[in-house]
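1. What follows is a predicted structure for the sequence shown.
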Amino acid sequence: MLVYTIKRLLALIPTLLAASILVFLFIHLIPGDPASILLGDTATPEDVAALTREMGLDQPIWKQYLLWLSNVLQGDLGTSVFFREPVLSVIGDGAETSILLATMTMFWIVLFGIPIGILSATKHGTWVDQMTSGGAMLFASVPTFWLGLYLILIFSVGLGWFPSSGFPSVSDDGGLANLRYLILPSLTLAAPNAALIIRLVRASMLDVSREDHVRTARAKGLHPAKVAIKHVFRNALIAVAAAFGFTFAALVSEAVVTETVFSLPGIGRLVVQSILRRDYPVIQGVILVIVVLYMIINLLVDLAYARLDPRVSLK
């Protein structure tokens, strides 16, 4: 497995290089002049030209790319046009919120999605299966902004149990108690994603339950619960593992609507704001970090296959 991991890490290099080129070129195709937007409507052409030279935007695009790539290889993603801070610092401020939100959301997904999916599979064809499947489809189709607003209305405005917006860092006063700010947003994100996991666990378990080794286990008189967990669910996890990995990555990078509803300073909201501000360095930096995140998760999922199924050979 070590040799396979090293080979995969080396294979990431050309992929990352191609991704960096695409990211750089696509970002520079966005209409608008960052210098003009940063200085405002009252700026003179001379001021705009001076800032353009300072930002290096007057250079040929290939020179801009090589300079940016050289800095990236040294761990420097540039300086934010809007915040006037290093891009890594700006991303780090939003990464805390997004990672904690994604982690808490995954906790709810595992807590509800897996047990309900197992229950639905073991009760296949009964009213329990129909209710869980119908409920899963309902939550999968509910818009997150609608669900988030109703959770705020009920649990923040009505009952006053949880904060309705914002998120102080866990390093601020309050410490881990500040995680209560993420309970409603995480439940909002967990609802549609848990519904998909329920459906996936159910479908995977039903497929595995038709295999010969499961019929053999039942014929030996093993307890149905033992058959369901040890022989069916364990093999069904192979398909579910990939869904968990990419769900986490998506939660980190794509929770724009939920972060907006709850006014969370996360990565998704940062990307949208940076696009509106034409903050090229931040956009490029965030997208590159997200690309790396997806690649790492893809590698971890492949390694998880070998742990879950000894039949999988990694060479």
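-> Nice, thanks for sending it over.
2. Please make it C-alpha for all contacts and neighbour counts, starting now.
-> Will do.
3. Hmm, T188 and W108 touching each other?
-> No. Applying Cα atoms under 8 Å, one finds W108 not in contact with T188, separated by 10.1 Å.
4. Look at these two and report which has more neighbours.
-> It is T188, of W108 and T188, that has more neighbours when counted by other Cα atoms under 10 Å, with 24 against 19.
5. so what pLDDT did the closest residue to the more buried one other than its chain neighbours get?
-> Nearest non-adjacent residue to T188, counting by Cα to Cα, 6 or more residues apart in numbering: G148, 5.5 Å away. Note on G148: pLDDT of 83.
6. Could you do the one 4 residues further on as well?
-> According to the predicted model, the pLDDT of I152 comes to 86.
7. Tell me which residues touch it, please.
-> Residues counted as contacts of I152 (Cα atoms under 8 Å, 6 or more residues apart in numbering) are S164, L184.
8. again, only using 7 Å
-> Counting by Cα atoms under 7 Å, 6 or more residues apart in numbering, I152 makes contact with S164.
9. Ok, W62 next?
-> By Cα under 7 Å, 6+ apart, no residues touch W62.
10. C-alpha coordinates for the host helix or strand of E96, CSV please?
-> Using DSSP states H and E, the element containing E96 is helix 87-108. Provided in CSV are the C-alpha atoms of helix 87-108 (Å, rounded to 0.1, in the frame of the first residue of the first chain):
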residue,chain,number,x,y,z
VAL,A,87,-4.4,34.8,0.6
LEU,A,88,-3.5,31.9,2.9
SER,A,89,-4.5,34.0,5.9
VAL,A,90,-7.8,34.9,4.3
ILE,A,91,-8.5,31.3,3.4
GLY,A,92,-7.6,30.2,6.9
ASP,A,93,-10.1,32.5,8.5
GLY,A,94,-12.9,30.9,6.4
ALA,A,95,-11.5,27.4,6.6
GLU,A,96,-12.1,27.0,10.3
THR,A,97,-15.8,27.7,9.9
SER,A,98,-16.2,25.5,6.8
ILE,A,99,-14.3,22.5,8.2
LEU,A,100,-16.1,22.6,11.6
LEU,A,101,-19.4,23.0,9.8
ALA,A,102,-18.6,20.0,7.4
THR,A,103,-17.4,17.9,10.3
MET,A,104,-20.6,18.6,12.4
THR,A,105,-22.7,17.9,9.4
MET,A,106,-21.0,14.6,8.7
PHE,A,107,-21.7,13.7,12.4
TRP,A,108,-25.5,14.2,11.8
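11. Can you name the residues in contact with the helix or strand the residue nearest to T188 falls within?
-> Remark: G148 resides in helix 144-151, with elements defined by DSSP H and E. Outside of helix 144-151, the residues within contact range by Cα under 7 Å, 6+ apart are L184, P185, T188, L189, V257, T258, V261.
12. Now with 8 Å, please.
-> L184, P185, T188, L189, P192, V257, T258, V261, F262.
13. same thing with stretch 13-32?
-> If you take Cα under 8 Å, 6+ apart as the criterion, stretch 13-32 is touched by Y65, L69, R278, Y280, I283, Q284, I287, L288, V291, V292.
14. The closest residue to G135 other than its chain neighbours - how many residues pack around it?
-> Using Cα to Cα, 6+ apart and skipping residues adjacent in sequence, the residue nearest G135 is A195, 7.8 Å away. Look at A195: counted by other Cα under 10 Å, it has 27 neighbours.
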